[in-house]
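In: the sequence isn't on hand, but the structure is:
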Ligand code: URP
Ligand code: ZN
Ligand code: ZN
């Protein structure tokens, strides 16, 4: 049986046109005007709707243990159901080994929690918290056998941070085996120094989280990593870019011809540090790293998304219960688990506040939500594009539908949205994964076993990222 999606407007990173789409065996079989259904075909009427390549969230943390017996509130089941209802058709999460742990053991742990529990297709980046011969051999094996073609690194946090020398070695491993190196760009010494100082001064409320993570910590880390990548002649992907200062370093690295890519997240485009000074401990809902910045930074980052300096919008979805988890830091903000939800809200927010407010075009929306992450992370051309032979993954948006964000509608296990009360103008109508409608009008119609593990292609820098 085939499925035909009729009368919609197809919008990709490069084109906008009206056509019907014929889907067979999970793939796009034909795109043309007026495709005639055969008896028994399923017909989906997309009149008045916009059909985008399925949105990819390249940065999530589901079912992630993070010390002190705390695990993120959303697991793979709730997180990917929330993703599906919010218009996302694929996610890339992180397998995080401890120092000394075999990388394949870490992956096995994450696969045990994710396999059979994902409503959308899924993959993993591997975090490298050290560099030695064992890690080099195991990372090579993950690239070759498991299709894990991106290495996440940290310049901050005692349990994860690596030295500049280790970063250079990881760049060498990535070059040899075809992986993209990602960086959490914060200078760990600045964070530790500022936290010590705040503690000494008795400043322990959540309003001090931002002070503990100044923008200079981000810009210094971006600058240093770009320099090290320039020396190594290797590309770099900076995750969750938050500040105009960090962006300035991305701009100068790119002006110097370095292939430095940047991801930002809805929270850095739509929320500001004012939230740390409102309603007392409510501020803990927004304790994430890097922190929210000045409202002025929001527009500067939007312009960078529009102009191509930022190529990806992901979520860094890392959800904790406000009541029962975030309150671990009631008397000391450094104990508040860092992170916020966003996997369900991303598509609606970026469409409403990016496209509808005229900050980015519809084609740019397709690029940053789907095509660029697919190309950077080895999912293209199966994903990230609407073309014959590609997976039939679509995010279908009703540009006229309006709504308001309400935690009760988000399918989360977590108990709050950072965007509660945000008005939506244009909303996801349908999410189609490999030809199957897995969500319609925010109702989940899929199954928690539908999602497939995605082995990703190697990174060779040849794809044009816009
Ligand atoms: O606060 C955050 N972002 N938590 C998730 C882990 C990370 O650093 O991306
Ligand atoms: Zn991070
Ligand atoms: Zn993260």
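Out: Looks like it came in fine. Here the structure is a predicted model, which is why all the values come from computation and not from measurement. Ligands and ions are numbered 1, 2, ... in the order given.

In: for stretch 406-420, buried residues please.
Out: 407, 410-419 (16 or more other C-beta atoms under 10 Å). In this view, the C-beta of every residue, glycine as well, is placed from N, C-alpha and C.

In: which one of those is nearest residue 236?
Out: Closest approach between those and residue 236, by C-beta to C-beta: residue 418, at 27.6 Å.

In: and that closest one, how far from ligand 1?
Out: 12 Å (C-beta to the nearest ligand atom, to the nearest Å).

In: for that residue, which non-adjacent residue is spatially closest?
Out: residue 340 (4.7 Å; C-beta to C-beta, 6 or more residues apart in numbering).

In: backbone dihedrals for that neighbour, please?
Out: Residue 340 adopts backbone torsions of phi -150, psi 160, taken as degrees, to the nearest 10.

In: then residue 449?
Out: Torsion angles, degrees, to the nearest 10, at residue 449: phi -110, psi 0.

In: coming back round to it: run a quick neighbour tally on the residue nearest to residue 418.
Out: Residue 340 has 26 neighbours, counted by other C-beta atoms under 10 Å.

In: please name the bridge partners of it.
Out: Beta-bridge partners for residue 340, by DSSP bridges, are residue 317.

In: quick one: residue 304 is in a helix?
Out: Yes - assigned with DSSP: H, G, I helix; E, B strand; the rest coil, residue 304 falls within a helix.

In: if I look at it, how far off is residue 298?
Out: 11 Å (C-beta to C-beta, to the nearest Å).

In: try residue 434
Out: 35 Å.

In: one more: residue 51?
Out: From residue 51 to residue 298 the distance is 29 Å (C-beta to C-beta).

In: cool, and residue 176?
Out: Distance from residue 176 to residue 298, by C-beta to C-beta: 39 Å.

In: do residue 270 as well
Out: Taken as C-beta to C-beta, the span from residue 270 to residue 298 is 7 Å.

In: cool, residue 329 as well?
Out: On the measure of C-beta to C-beta, residue 329 and residue 298 end up 26 Å apart.

In: what does residue 383 give?
Out: Counting by C-beta to C-beta - residue 383 and residue 298 are separated by 29 Å.

In: which helix in this protein runs the most residues?
Out: helix 215-232 (DSSP state H).

In: who touches that one?
Out: Contacts with helix 215-232, where a contact means C-beta atoms under 8 Å, 6 or more residues apart in numbering, come from 155-156, 164, 167-168, 171-172, 175, 181, 183, 185-187, 190-191, 235-236, 238, 241-246, 248-250, 252-253, 256, 258, 260, 290, 293.

In: how about stretch 83-102 and ligand 1, touching?
Out: No - using C-beta under 6 Å from any ligand atom, we find that stretch 83-102 stays clear of ligand 1, coming within 8.0 Å at best.

In: off-centre distance for that stretch?
Out: Centroid separation for stretch 83-102 versus its chain: 9 Å, with C-alpha atoms, centre = their mean, to the nearest Å.

In: could you do stretch 90-110 as well?
Out: Centroid separation for stretch 90-110 versus its chain: 17 Å, with C-alpha atoms, centre = their mean.

In: look at residue 51 and residue 298 and report which has more neighbours.
Out: residue 51 (25 against 21).

In: and that one, that's in a helix?
Out: No - Residue 51: not assigned to a helix; according to three-state DSSP it is strand.
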